[in-house]
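Q: Pasted the sequence and its predicted model underneath.
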Amino acid sequence: MQSIKSCLMVLVGIASMPALAGESVSTQQTWLDKGHHHAKNWLSSTVNHMDNWFGDSNKEARIKLRVMLDSTWNEYDGTTIKPRVRAKVRLPSLEDRLSVVFGDENLDNEMGGGIYNDDRVARPNTDDRAFDRRRTKDENSSLALRWSKFRKNAGLDVDLGVRSDDVFVRLKAEKSWQLPHNIDSRFEQMYRYGSQSEHMLLSTLEFSQPQSDTRTLVNRSHLHYTNHDGENLNWSNSLYQQHDWAASLGTRSFSYGLYTGGEIIDKKSDLNVWGPYLSYRQPVWRDWLFVQGDASYYNNKSQDKDHHIALFSRVEAVF
C-alpha cells in the first residue's frame, strides 16, 4: 500500500508542478548548479584524456550523459527500482564519424520510439526484490563503438560492442518522409545479433499529424522479433495525442492514448494486451533535470492478468 501511495504522489506532484523560473531557483539551489558544473567538467576532462590515447586532435572531445532512476509498480509484480545510464562520447582522434556509446542500450529504443516507449509495465526482479543489483549492472554494462558514416545519407548507425559476455553487432536505420495532409511518417529498423543473446529485430512505423500548434496526433506500430532458444514474434500499436507546451526551462509534454499488443503464432496474431495510458514529462528547477510520470490500465491474457493500474516514474539528469 505504501508503494501505491508513493507512486500516486509522484504522478500528482508532477502534474501540478509548475515550470520554475531559473532565476528565482538559482539562489536557492546553488549546490545543484555547482554539482552539475563539477560533474560536467570532470566528464569533459576524462573524455579528452581518453581521446589522447588515440592520437592528437585540435578538436575537443564531447560527451552527452543521461543518468536516471526509474521505478514501476503494479499489483501483480509489485515495485521495481532501476538506475539507468546512457552516454555517447565523440572522440575526434577516431574521426567525426566514430563515437563510443555505453550504458543501457535499451534506452536507444525508447528515444527513437521503440517498443519500450509505449509499454511501461513493471518487469519483476529475481526473488521479488525491488532492486536487483546484478540485473542493473548487467543492463548498464553495454559498451560499443558506433560508426555513423552513413547517417546523413541513409540514416544508418552501426554498433560493435560487448555487454557482459555477449559480443554483439547492432544496425539501426531510419527514414522519414512527408505525406499529403501534413502527415509526417517515419520508419525505423533495428537489428541486433549477439554471441549469447542471438537475434533481435525491432521495426517501428510511425505517422504523426499536427492538430494545432501544441497538439499532435500520433499512431505508432511495432514488430518485435527475437530468436534465442526459440522464436518469438510480437506486435503492438499505440494511438495517442501529444501536447507540448513551451516553458521557461524547456518543453512540457503530456500524452494520452490507447495501447494494444500481442503475439503472432503460426501467422495468426492474438490480442493479449490492451488499455489506455497517459504520460507527463517536464524539466524542473533546471533545464537539465527532468521528471516523468506514466500511468496505464492494461491486461495480459497470456499471463492471466486482468486490467490493472501500473505506474511509472523517472527522475533524469542530463550532462
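A: Okay, I see it. Bear in mind that the values here come from a model prediction, so they are computed numbers and not experimental data.

Q: Please state the backbone phi and psi of S164?
A: Its backbone dihedrals place S164 at phi 60, psi -120, with angles given as degrees, to the nearest 10.

Q: Thought S141 was touching it, still the case?
A: Yes - with contacts defined as Cβ atoms under 8 Å, S164 counts as touching S141 at a distance of 5.7 Å. (Glycine included, C-beta is placed from N, CA and C.)

Q: now V318: how far from R97?
A: 24 Å (Cβ to Cβ, to the nearest Å).

Q: can you pull the contacts of N299?
A: By Cβ atoms under 8 Å, 6 or more residues apart in numbering, the contact set of N299 is V273, W274, G275, K305, D306, H307, H308.

Q: Kindly apply the preceding question to V158 instead.
A: R146, W147, S148, V169, R170, L171.

Q: From the contacts of N299, keep the buried residues only.
A: V273, W274, G275, K305, H308 (16 or more other Cβ atoms under 10 Å).

Q: Let me have those in CSV, extended by pLDDT and secondary structure.
A: Conversion of the buried ones among the contacts of N299 to CSV gives the following (pLDDT from 0 to 100; DSSP: H, G, I helix; E, B strand; the rest coil):
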residue, pLDDT, secondary structure
V273, 92, strand
W274, 93, strand
G275, 92, strand
K305, 92, strand
H308, 92, strand
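
Q: And the pLDDT at the spatially closest residue to I265 that is not a sequence neighbour?
A: Excluding the flanking residues, the one nearest I265 by Cβ to Cβ, 6 or more residues apart in numbering is L233, at 7.7 Å. The confidence metric pLDDT takes the value 95 at L233.

Q: Find the helix or strand that L233 is a member of.
A: In this structure, L233 is located in strand 231-247 according to DSSP states H and E.

Q: Please report how far S142 lies from W31.
A: For S142, the distance to W31 equals 32 Å [Cβ to Cβ].

Q: which of the two has more neighbours?
A: Just comparing S142 and W31: by other Cβ atoms under 10 Å the higher neighbour count belongs to S142, 23 against 8.

Q: give me every residue that touches that one.
A: Applying Cβ under 8 Å, 6+ apart, the residues contacting S142 are V101, F102, G103, D104, E105, G161, V162, R163.

Q: swap the cut-off to 10 Å and go again
A: Going by Cβ atoms under 10 Å, 6 or more residues apart in numbering, S142 touches 86, 101-108, 159, 161-164, 166, 168, 170.

Q: got it, and S236?
A: When the contact criterion is Cβ under 10 Å, 6+ apart, the partners of S236 are 115, 118-119, 204, 220-224, 259-262, 272-274.

Q: Quickly list what it is bridged to.
A: Per DSSP bridges, the residues bridged to S236 are H222, G261.

Q: thinking H36 is in contact with A317, fair?
A: Yes - contact status for H36 versus A317: in contact at 7.4 Å, counting by Cβ atoms under 10 Å.

Q: Please identify the nearest residue in space to H224, excluding sequence neighbours.
A: Of all residues not flanking H224 in the chain, N234 sits nearest, at 4.6 Å (Cβ to Cβ, 6+ apart).

Q: tally of neighbours for that neighbour?
A: Quick note: N234 (other Cβ under 10 Å) scores 20 neighbours.

Q: okay, and the common contacts of H36 and A317?
A: For the pair H36 and A317, residues contacting each of them under the criterion Cβ under 10 Å, 6+ apart are R286, W288, L289.

Q: Now render these as a markdown table, adding neighbour count.
A: Converted to a markdown table, these look like this (neighbours: other Cβ atoms under 10 Å):
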| residue | neighbour count |
| --- | --- |
| R286 | 19 |
| W288 | 17 |
| L289 | 17 |
